[in-house]
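1. The following block contains a protein sequence and its predicted model.
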Amino acid sequence: MARSGEVVSNKQVLARDYIDSNPKITDMYLSTAITKLELPECSKSILVKNLYLSCDPYMRGVKNPEPGRITFFAPNSPLVGYGVAKVLASGHPEFKEGDLVWGITTWEEYSLITNAENLFKINDTDVPLSYYTGILGMPGMTAYVGFYDICSPKKGEYVFISSAFGAVGQLVGQFAKLLGCYVVGSAGSQEKVELLKSKFGFDEAFNYKEEDCEAALKRYFPEGIDIYFENVGGKMLDAVLVNMRLKGRIAVCGMISQYDLEEHQGIRNLMHLIYNRVRMEGFSVFDHFHQYPTFLETVLPYIREGKINYVEHITHGLESGPESLVGLFSGVNVGKSVVLLSQY
């Protein structure tokens, strides 16, 4: 592994232009820059060697990004996303050479990270480092906050999760089962439906592409739904609303069915929020990272004791990154999509 002060060939995945939808292979290209591994003077930046890069559903293009919003695709710049890295040099008092970190980085072999406040030090290395792109990283925190904080679950409640095979959904389902809830998930293929039941312990699951969602929910929840973890929106949300129980809770994590529509689908059944005193709340995990130590105290023992199953879809080499990211949006990956750049 290169050291601070060296001049290296730095392979990168760059964006061709701003985009306003799911990325395509042609939106990205590979390049190599000659980079000197050094920190700017009087800087709190850190220099890292990227080990793993995470492919996530939120990594979409935004034609006119709002101020303060992360831009994943900026013209002729490396893509931006979550990853795991090793610190080569640090001007930040909380990090030192040799530390392992996870957080927001860039899609290249070596990155200069100027905002180290977005990084978390990795102290527990008895689990795979790649887990910090998923179950022990941002997706895991999203599942934890959305389920425990927003949904306030109780033992024995009825839980439905849309897009349940995703990195967040599969964890929410397992958290719910550990609490003693009845859990049903929807997914986009029969293979994923079977894995939700056999691998992740869901009580039931159905293929939303082949079944009418409202009919499926009435069949699996004859007494209604206490908790809905929302990842899809649109017709799925409408179907859920008429099946919610009295004082049910809906955690709105995402609405992937709506992202590429010029005009968002209207929701017809919102009156059921009133009829059944349902609480529906959107949230962003970025507001809850102060809970990360508590999250680790909960989830690490589950992993070590084999109480949580976790599936990864790992590809090798930065050159595999564009295809892995694009494949995420067409559902070809089975498990959390991760790009391995270098072994620790």
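-> Arrived safely, thanks for sending. Numbers count the residues shown, from 1 in each chain.
2. Quick one: the strands in the stretch 1-150 of the chain, in order.
-> 7-15, 28-36, 46-54, 80-90, 100-106, 110-113, 119-121 (DSSP state E, counting those that start in this stretch).
3. any idea how far the fourth one is from the chain center?
-> Pointing back at strand 80-90 there. 18 Å (C-alpha atoms, centre = their mean, to the nearest Å).
4. Report all helices and strands that it contacts.
-> When contacts are defined as 3 or more C-beta pairs under 8 Å, 6 or more residues apart in numbering; DSSP states H and E, strand 80-90 sits against strand 46-54, strand 100-106. From N, CA and C alone the C-beta is placed, and that goes for glycine too.
5. tell me the mean pLDDT for the shortest one?
-> Strand 100-106 carries an average pLDDT of 97.
6. got a list of contacts for it?
-> 12, 46, 48, 50-51, 53, 70, 77-87, 95, 111, 113, 115, 118-122, 125, 129, 132-133, 136-137, 344 (C-beta atoms under 8 Å, 6 or more residues apart in numbering).
7. V334: which of the strands of the stretch 1-150 of the chain is closest?
-> Of all the strands of the stretch 1-150 of the chain, it is strand 46-54 that lies closest to V334, at 16.1 Å by C-beta to C-beta.
8. For T32, give the beta-bridge partners.
-> According to DSSP bridges, the partner residues bridging T32 are K11.
9. Now do the contacts for the closest residue to V145 other than its chain neighbours.
-> Among residues not flanking V145 along the chain, H288 sits closest, at 4.5 Å (C-beta to C-beta, 6 or more residues apart in numbering). Listed by C-beta under 8 Å, 6+ apart, the contact set of H288 reads 141, 145, 149.
10. for the stretch 51-200 of the chain, what are the low-confidence residue spans?
-> By pLDDT under 70, the low-scoring segments of the stretch 51-200 of the chain are 61-70.
11. how does this structure divide into domains?
-> The record assigns the chain these domain ranges, following automatic domain parsing: 7-134+310-340, 138-286.
12. Arrange these in a markdown table, one row each, with mean neighbour count as further columns.
-> Below are those laid out as a markdown table (neighbours: other C-beta atoms under 10 Å):
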| stretch | mean neighbour count |
| --- | --- |
| domain 7-134+310-340 | 18 |
| domain 138-286 | 19 |
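13. Would you mind giving those domains as a markdown table with distance to L296 added?
-> What follows is those, written out as a markdown table (distance: least, C-beta to C-beta, whole Å):
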| stretch | distance to L296 |
| --- | --- |
| domain 7-134+310-340 | 7 |
| domain 138-286 | 9 |
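14. Nearest to L300, out of these?
-> domain 7-134+310-340 (6.1 Å).
15. what's the first-to-last distance across stretch 283-302?
-> End-to-end distance for stretch 283-302: 25 Å, by C-alpha to C-alpha, to the nearest Å.
16. do the same with stretch 304-312
-> 17 Å.
17. how far is that stretch from where the chain is centred?
-> With C-alpha atoms, centre = their mean, you get 17 Å for stretch 304-312.
18. and if you look at stretch 5-23?
-> On the basis of C-alpha atoms, centre = their mean, stretch 5-23 sits 21 Å off its chain's mean C-alpha point.
19. Identify whichever of the helices and strands packed on strand 80-90 lies nearest to S320.
-> strand 46-54 (9.9 Å).
20. Taking strand 80-90 as reference, get the angle to the closest one.
-> 150 degrees (axes from the mean of the first three to the mean of the last three C-alpha atoms, to 10 degrees).
21. neighbouring strands for strand 46-54, and are they parallel or not?
-> Strand 46-54 has the following sheet partners, assigned by DSSP bridges: strand 80-90 (antiparallel), strand 110-113 (antiparallel), strand 336-340 (antiparallel).
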